[in-house]
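Student: Next come a sequence and a model predicted from it.
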Amino acid sequence: MASTSNVSSRQQNTALGMSTFAFTVCFAVWTIFSIIGVKIQGELGISDAQLGLLVGTPILSGSLSRVLLGIWTDQIGGRVVYVLTMLLAAVATFLLSYATTYEMMLLAALGLGLAGGSFAIGVAYVSKWYTPEKQGTALGIFGAGNIGAAVTKLAAPFVMVAFGWPVVAQVWAAALVVTALIFWFTTSDDPDLVARRAGGIRAKGTLLQLEPLKNVQVWRFSLYYFFVFGAFVALSLWLPKYLIGVYGVDIKLAGILAAAFSIPASLFRAYGGHLSDRYGARAVMYVTFGVSAVCTFMLAYPHTDYVIHGVHGLISFSTRMDLVPFVMVVFVLGFFMSLGKAAVYKHIPVYYPGNVGAVGGLVGMIGGLGGFVLPIAFGVLLDVTGLWTSSFMLMFGIVVVSLLWMHFAIRHMEKSAVEKVLGELPQLPEMQSLHRPGMAGTGPRLIAEWQPEDPAFWAGKGRAIAARNLWISIPNLLLAFAVWMVWSVVIAKLPSVGFKFSTDELFWLAALPGLSGATMRIFYSFMVPVFGGRLWTTLSTASLIIPAMGIGYAVQNPETPYLIFLVLALLCGLGGGNFASSMSNISFFFPKREKGNALALNAGLGNLGVSVMQFLVPLVITIGVFGTVGGEPQPVDETTRLWLQNAGFVWVPFLIVSALAAWFGMNDLASARASFKDQAVIFGRTHNWLMCWLYTGTFGSFIGYSAGFPLLAKIAFPDVNSLQYVFLGPLVGALARAGTGWVSDRWGGARVTFWTFVLMIAAVGGVLYFMAAKDQPGAFWGFFAMFMVLFFATGVGNASTFQMIPVIMRKEIDRLMPGLAPADRVRQADKESAAIIGFTSAIAAYGMFFIPRAYGTSIQMTGDASAALWGFLVFYVTCLALTWFVYTRRGGLLHDIERGRESAAATAQTRSA
């Protein structure tokens, strides 16, 4: 960053003042649909969902553009980029006034969104004019341009009522043009750009600008901004609708009251920058998250009536937040969010002075995406739960996660700074009086040296230790899958015991564990190298007791709110997350020649939890396994009773035993330890993303079909008692995975994967055929047989794709890091393979969400699930083509390896490693 010593105060003030003014106008344009959208909806007769898309489109395009706009600002200067962005946004805004169809408005909204991208330009431009000790205040003042949202809310309703919404768009477009011209003639190029031009220095290339994005710290800042800014934008857009729906106010008053949130959340951002400069951004973030957690909790509490059975009779009362206290709490929330917005951006020029554009652009993009995603999520939650306050429930969850991540990250940094001193202390404080220096190493079962590729080490003690960890890991993973998938059976029984949920609501319960489980896998895939496999396996298994117990209690009362079931379905996703950490952990223990089989056993027998659950749960819910302790049965009809609570309770004792076995029987490997930063290198590996695609085709299909098969079979063939057979699908898939790992080790994972997709395409075609002929005799058994073939193929493909990953990375690391010693290349390949295995499993697990949802959407739109299945078939064709082109064809990455034709030199090098 160039020195600012030759910059005058007048130049600084002009740059800051004009940037802030321009951002205010841009922000007013960016949020224009929050007001005119209501009128457009009435004129076009569009649905709430279509309105939500229209409102969110400029937020999306503005957010996605921020990274590139930030980079271009660093490269060619903020002055020219700012002006061009405003002019382009003005053109789109003006054309909006002539749009007559919904599609034309969406197109105009995309261009209009560039106004929101101006934030990244301003951050990079303004920060270059100030020294680090003043950047917090400067960026805080600039960020106060968020008040543009309040300008729109206060002024646009009156212009719209008087002249119509097209005039609002034309006036706002004219304001952008005028602002762009004023900005161009009153500002000058930033000192960094001037210094580079004088020295003939070229700006960093785009890839170099993106280099800091590998740091997890950048993504942590992004989550902070997702809340403090993304939630601010979301509430700015959502509050008018919320106030009208909850309190019945008109559009003018709703705009004024929403401004009570927008104004403090904008103006006080400058004060937040001052506090960050004076007291530190960390302290400001702690206060921001703490107060925000309290406010969102208060706002999240729904209008509730209570009846207490007292000694002298019933005691009843209710809780509700009326309009005045609601506005007051929202005002407080907006004030502290404004402080947090400034504090987040105080970090960036200090930590990344040479990459403010890229880093600030990414953080701004994630924050802006919050403004796009959260209003949609608010609408979905409102539709699903029927609670207006569900939007604040979601915000409460985000702020709590942000606070915890920040706190633990700070504690980790503090611990790292005094790690040597802490390492000399006893494990427990009460042992201090007995402590001696020689006792400092007493702790978890850590293996310092692990060399599975050494035949002598492996035969002597390595195989026994690896086998013990594998056979303890398998039942833990089996139970995780059982809890993860338990809803696929429970939802089929809920209507019979009195729950009045719609078919779409039931499909949501089947899909949500997949959504949360896949998301958890993204984080779980990096946890073993950070915390150790022994500790993480213990904690992740024990955490499943919560949803298991919760299901047991919730299903006993048909009056249990649907919201409770949604929360429990999301918590069951913890079981899905376990797969990523379990596979990552086991991959470290075995040598390359046995890795495919070990991973196949761990995953295949772990996947067996789906079938065990689908076989066991229908049995245990018919008998009182736990007697009176388990609760009363639920009546189905005059003669039939079900203990549906046993579907949750039955897993609790097994979870306790398995968690204890993991703690006392498993090991940690010192060679497997790595920080998130060390593992994050996989995001730059092309084959990581290619394998995500292929594993989604295999495992994503297995887990998605497992979740949706029971309900699909029941809907497609209502006259057949299919629930007594559906457990066979996951059973076939799990056993195929466990039993065919050796095939991939012998013939090559890529070749097996290729033929797997051929078989899957044929099987889906068979399913479609028998669904079309479902009225013919024997159609169900044809349908069932084709699904068994499909499950078998997914199991084989699950094993083969995971066998490919270590082989790919062994070859790629030799090419990418030739300077490392052979042993270090093997170690690096193993670490990256473990991270890729975990990450691909995370992405693929979204199949458990999308396949049931695709069924539900297809049935809702067309009357049956055929459209969804056709979509799956097309996807498998792309997987087949990808496998052939990249890996198996002559010249493909694995062609020579799988045919034993790799060079003798490479083979000898691998063996010596």
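Tutor: That came in fine, so what should we check first?
Student: Backbone torsions only: list them for residue 641.
Tutor: Reported as degrees, to the nearest 10, the phi and psi values for residue 641 are phi -130, psi 150.
Student: OK, contacts around the closest residue to it other than its chain neighbours?
Tutor: Distances taken as C-beta to C-beta, 6 or more residues apart in numbering put residue 633 closest to residue 641, at 3.8 Å, once the chain neighbours are dropped. Every residue, glycine included, has its C-beta placed from N, CA and C. Contacts for residue 633 (C-beta atoms under 8 Å, 6 or more residues apart in numbering) come out as 624, 641-643.
Student: which among those residues end up buried?
Tutor: With burial judged by 16 or more other C-beta atoms under 10 Å, the buried subset of the contacts of residue 633 is 641-643.
Student: my read: residue 315 touches residue 307, true?
Tutor: Yes - with contact defined as C-beta atoms under 8 Å, residue 315 reaches residue 307; the gap is 7.4 Å.
Student: ok, the buried ones among the contacts of residue 633 vs residue 58, which is closest?
Tutor: Proximity of the buried ones among the contacts of residue 633 to residue 58 (C-beta to C-beta) peaks at residue 642, which lies at 50.9 Å.
Student: I'd like to know how far the closest one sits from residue 491.
Tutor: With distances taken as C-beta to C-beta, to the nearest Å, residue 642 is found 14 Å from residue 491.
Student: now swap in residue 778 and tell me
Tutor: 28 Å.
Student: same question, residue 116
Tutor: Taking C-beta to C-beta, one finds residue 116 at 40 Å from residue 491.
Student: Same check on residue 335?
Tutor: Residue 335 is 43 Å from residue 491, where distance means C-beta to C-beta.
Student: Check which helix or strand residue 23 maps to.
Tutor: Residue 23 belongs to helix 9-30 when assigned by DSSP states H and E.
Student: what's the distance between the residue located most distally from the centre of the chain and residue 773?
Tutor: Largest separation from the mean C-alpha position in the chain: residue 312, at 50.9 Å (C-alpha atoms, centre = their mean). Applying C-beta to C-beta, the value for residue 312 to residue 773 is 68 Å.
Student: now residue 178
Tutor: Relative to residue 773, and taking C-beta to C-beta, residue 178 is found at 67 Å.
Student: One more: residue 296?
Tutor: In this view, residue 296 and residue 773 are 53 Å apart by C-beta to C-beta.
Student: Could you look up the SS state of residue 314?
Tutor: Classification of residue 314 by DSSP: H, G, I helix; E, B strand; the rest coil places it in strand.
Student: what about it, how many neighbours?
Tutor: Residue crowding around residue 314 was assessed by other C-beta atoms under 10 Å; the count is 8.
Student: how close does it sit to residue 306?
Tutor: As defined by C-beta to C-beta, residue 314 lies at a distance of 10 Å from residue 306.
Student: So which residues make contact with stretch 864-873?
Tutor: Stretch 864-873 has contacts (C-beta under 8 Å, 6+ apart) with 701, 712, 715-716, 761, 764-765, 767-768, 771-772, 851, 854-855, 857-859, 861.
Student: buried subset of the residues you listed?
Tutor: 701, 712, 715-716, 761, 764, 767-768, 771, 851, 854-855, 857-859.
Student: Which one among these sits at the bottom for pLDDT?
Tutor: Across the buried ones among the contacts of stretch 864-873, the smallest pLDDT goes to residue 857, namely 74.
Student: And that one, which helix or strand is it part of?
Tutor: Here residue 857 is covered by helix 847-862, with elements defined by DSSP H and E.
Student: list the helices and strands that helix packs on?
Tutor: In terms of contacts (3 or more C-beta pairs under 8 Å, 6 or more residues apart in numbering; DSSP states H and E), helix 847-862 is packed against helix 503-524, helix 701-716, helix 866-883.
Student: okay, the angle between that helix and helix 503-524?
Tutor: Interaxial angle of helix 847-862 relative to helix 503-524 (axes from the mean of the first three to the mean of the last three C-alpha atoms, to 10 degrees): 150 degrees.
Student: where are the low-confidence patches of the stretch 551-700 of the chain?
Tutor: Applying pLDDT under 70 to the stretch 551-700 of the chain flags the ranges 628-629, 671-680.
Student: quick one, helices of it?
Tutor: In the stretch 551-700 of the chain, the helices defined using DSSP state H, counting those that start in this stretch lie at 562-589, 592-620, 646-649, 652-665, 676-679, 686-695.
Student: Can you say which of those helices is packed in most?
Tutor: Of all the helices of the stretch 551-700 of the chain, helix 562-589 carries the top mean neighbour count, a mean of 25, counting by mean count of other C-beta atoms under 10 Å.
Student: other SSEs contacting it?
Tutor: Packed next to helix 562-589, using 3+ C-beta pairs under 8 Å, 6+ apart, are helix 356-385, helix 463-485, helix 503-524, helix 527-531, helix 533-542, helix 545-554, helix 592-620, helix 822-844.
Student: how about the ones you listed, which one is nearest residue 413?
Tutor: Per C-beta to C-beta, nearest to residue 413 of the helices and strands packed on helix 562-589: helix 527-531, 13.9 Å.
Student: how about the CA coordinates for the closest one, as CSV?
Tutor: In CSV, the C-alpha atoms belonging to helix 527-531 read as follows (Å, rounded to 0.1, in the frame of the first residue of the first chain):
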residue,chain,number,x,y,z
MET,A,527,-12.6,-31.7,12.1
VAL,A,528,-10.5,-34.9,12.5
PRO,A,529,-7.1,-33.2,11.6
VAL,A,530,-8.0,-30.3,13.9
PHE,A,531,-9.4,-32.2,17.0
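Student: now for it, which elements pack on it?
Tutor: For helix 527-531, the packing partners by 3+ C-beta pairs under 8 Å, 6+ apart come out as helix 562-589, helix 676-679, helix 822-844.
Student: Throw the ones you listed into CSV and include distance to residue 604, thanks.
Tutor: Putting the helices and strands packed on helix 527-531 into CSV (distance: least, C-beta to C-beta, whole Å) gives the following:
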stretch, distance to residue 604
helix 562-589, 11
helix 676-679, 25
helix 822-844, 13
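Student: just to revisit the earlier point, now the helix holding residue 23 and helix 356-385, what's the angle there?
Tutor: On the basis of the same axes, to 10 degrees, helix 9-30 is oriented at 30 degrees to helix 356-385.
Student: Next, the buried residues of helix 9-30.
Tutor: So for helix 9-30, counting by 16+ other C-beta under 10 Å, buried means 11-12, 15-16, 18-30.
Student: mind checking how far stretch 743-760 is from the chain centre?
Tutor: Here the centre of stretch 743-760 is set off from its chain's centre by 30 Å, with C-alpha atoms, centre = their mean, to the nearest Å.
Student: pretty sure residue 795 is in contact with residue 605, am I right?
Tutor: No - Residue 795 lies out of contact with residue 605 (C-beta under 8 Å); the separation is 11.4 Å.
Student: Quickly list what's touching both of the two.
Tutor: By C-beta under 8 Å, 6+ apart, residue 795 and residue 605 have these common neighbours: 734, 738.
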